[in-house]
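# Need coordinates for the following:
(one chain, ligands or ions: 2)
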Amino acid sequence: MPVKLVCASHTPMMEFIHPPADVEAKARQAFKDLAADVAAYDPEVIVLFAPDHFNGFFYDLMPPFCIGLRAACAGDWDIGHGPLNVPEALALDLVQALQAEDLDVPYSYRMQADHGFTQPLELLAGSVGRYPVIPIFINGAARPLPPCRRAVQLGQAVGRFLSQRPERVLVIGSGGLSHDPPTPQFGSVPPEIEEFLIAGRNPTPEARNTRQQRVLNTGRLLAEGKGESLRLNAEWDMGLIDSFSQADMDRFMAMTNEEILEHGGRGGQEIRAWIAAFACMQAVGEYRTTTHYYHPIDEWIAGMAMVSADSVAARKEAQA
Ligand SMILES: O=C(O)CCc1cccc(O)c1O
Ligand SMILES: [Fe+2]
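Numbers count the residues shown, from 1 in each chain. Ligands and ions are numbered 1, 2, ... in the order given. The predicted structure follows:
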């Protein structure tokens, strides 16, 4: 029944390209401090909302959401390998609880979890397999995207399910405040890239490397004030954090894809993961947030933020 939330940006570029040393040190320390909080909380299960980046989900069958009943690391950016520790019976119960609420949620017995999932598990939970985790994919990359209000509704329904459960739960939302990585967009790319977007699972190491170099190059250019990618937008990001802190779900129910793209860039669409996570938290009860970190880090193409939330009831108990 107790639920704690952590939402954080991800950026697999962390091990490959470096911002000024003091910026990097503070970001890493903030992740370490949060990981210590997570270890102290000692979750019995993690519910992880995260996007994919054409590593595990493709246009041959693109769901708006997907609950992993079994899942393994996709292997992109060399983060994590092998299976996630999914509590299969509990995940199946969740699917059925959502169905009972008329939410037609897709599920998978062979989900590939990319860095959207694996990086927060490594940074916040110590390793991919450390705690039982129910991975919930939210499409934030493949247009047409599910409306933000669907992420609110999904999150709330997951929260209602968790309210009925005895486990100590950590809810994680992974990804995007403002950032604009060079993820190819169907409709404006040549046929061979379209083919990749439709059926590009399990690429060769060479293909993976080519893609990653392109992302790293975009980071280099952004840090030099060059390139095509949208600048990071601290004002937009702080506004989002503020809305989450106020549990302003009305804003997210009405948030449009165009608005996100304009202010937050292509990667900004990943905000759906935070939206679902906070909607989940809100359905469990009143909460208070703590902003642990924010800094726009060009080299990492990330409005890098870390925010946690604890339920007011749990805080009162802790004080008593
Ligand atoms: O691998 C990719 O295609 C994109 C990697 C990537 C980079 C910066 C921020 C992100 O959120 C992200 O996902
Ligand atoms: Fe991402």
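# Name the residue of the stretch 201-320 of the chain that lies nearest to ligand 1.
Proximity of the stretch 201-320 of the chain to ligand 1 (Cβ to the nearest ligand atom) peaks at I301, 4.0 Å away. Using the backbone N, CA and C atoms, a C-beta is placed for each residue, glycine as well.
# what does the stretch 101-250 of the chain give?
Closest point on the stretch 101-250 of the chain to ligand 1, by Cβ to the nearest ligand atom, is P181, at 4.3 Å.
# Name the SS class of that residue, please.
For P181, the secondary structure call by DSSP: H, G, I helix; E, B strand; the rest coil comes out as coil.
# Helices along the protein, start to end?
21-41, 88-100, 115-125, 148-163, 191-199, 205-223, 234-245, 249-254, 257-264, 271-284, 312-319 (DSSP state H).
# Out of these, which gets nearest to V171?
Ranking these by proximity to V171 (Cβ to Cβ) places helix 271-284 first, at 5.1 Å.
# M306 touches V6, doesn't it?
Yes. If you go by Cβ atoms under 8 Å, M306 and V6 touch, sitting 7.2 Å apart.
# pLDDT averaged over stretch 203-213, what's the number?
The predicted model gives stretch 203-213 an average pLDDT of 96.
# what is the residue positioned nearest the centre of the chain paired to in the beta sheet?
The centroid of the chain falls nearest to S174 when counting by Cα atoms, centre = their mean (2.1 Å). On the basis of DSSP bridges, S174 is bridged to A8.
# Would you mind confirming that it makes contact with H10?
Yes. Taking Cβ under 8 Å as the definition, S174 is a contact partner of H10 at 5.2 Å.
# Name the residues contacting each of these two.
A50, G116, Q119, P120 (Cβ atoms under 8 Å, 6 or more residues apart in numbering).
# Among M306 and V6, which residue is more densely surrounded?
More neighbours surround V6 than the other of M306 and V6, with 26 against 21 (other Cβ atoms under 10 Å).
# Give me the pLDDT value at the more buried one.
For V6, the model assigns a pLDDT of 98.
# Can you give me the neighbour number for the closest residue to it other than its chain neighbours?
Ranked by Cβ to Cβ, 6 or more residues apart in numbering and with sequence neighbours excluded, the top spatial neighbour of V6 is S308, at 4.9 Å. S308 has 21 neighbouring residues, counting by other Cβ under 10 Å.
# Tell me if I'm right that S308 and T290 touch.
Yes. Assessed by Cβ under 8 Å, S308 is found in contact with T290 at 5.1 Å.
# ok and the one helix or strand in the chain whose mean pLDDT sits lowest relative to helix 21-41, angle-wise?
Ranking every helix and strand in the chain by mean pLDDT, DSSP states H and E puts helix 312-319 at the bottom, with a mean of 81. Using axes from the mean of the first three to the mean of the last three Cα atoms, to 10 degrees, the direction of helix 312-319 lies 80 degrees away from that of helix 21-41.
# what does this structure have sitting close to ligand 1?
Applying Cβ under 6 Å from any ligand atom, we find that the chain lies next to ligand 1 at 10-13, 53, 175-176, 179, 181, 183, 215, 267, 301-302.
# follow-up on the earlier one: so among the shared contacts of S174 and H10, which ones count as buried?
For these, a burial check counting by 16 or more other Cβ atoms under 10 Å picks out A50, G116, Q119, P120.
# Make a markdown table from the residues you listed and add distance to A254 to it.
Below are the buried ones among the shared contacts of S174 and H10 laid out as a markdown table (distance: Cβ to Cβ, whole Å):
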| residue | distance to A254 |
| --- | --- |
| A50 | 23 |
| G116 | 25 |
| Q119 | 30 |
| P120 | 27 |
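# Spatially, which two of those residues are the most separated?
Most distant of the buried ones among the shared contacts of S174 and H10, by Cβ to Cβ, are A50 and Q119, 8.9 Å apart.
# list residues touching both of these two?
The contact sets of A50 and Q119 overlap at H10, S174 (Cβ under 8 Å, 6+ apart).
# Double-check F57 against F137; I have them as touching.
Yes. Between F57 and F137 there is a contact under Cβ under 8 Å: 6.3 Å.
# buried residues in stretch 237-247?
D237, L240, I241, S243, F244, S245, A247.
# and P43, what does it touch?
Residues near P43 by Cβ under 8 Å, 6+ apart: K4, Y131, E167, R168, V169, L170.
# Just list the residues touching the fifth one, thanks.
With contacts defined as Cβ under 8 Å, 6+ apart, V169 is in contact with P2, V3, K4, P43, E44, V45, I46, V47, L162.
# Kindly report the same for the first one.
Counting by Cβ under 8 Å, 6+ apart, K4 makes contact with Y41, P43, V169, L170, V171, S308, A309, D310, S311, A314.
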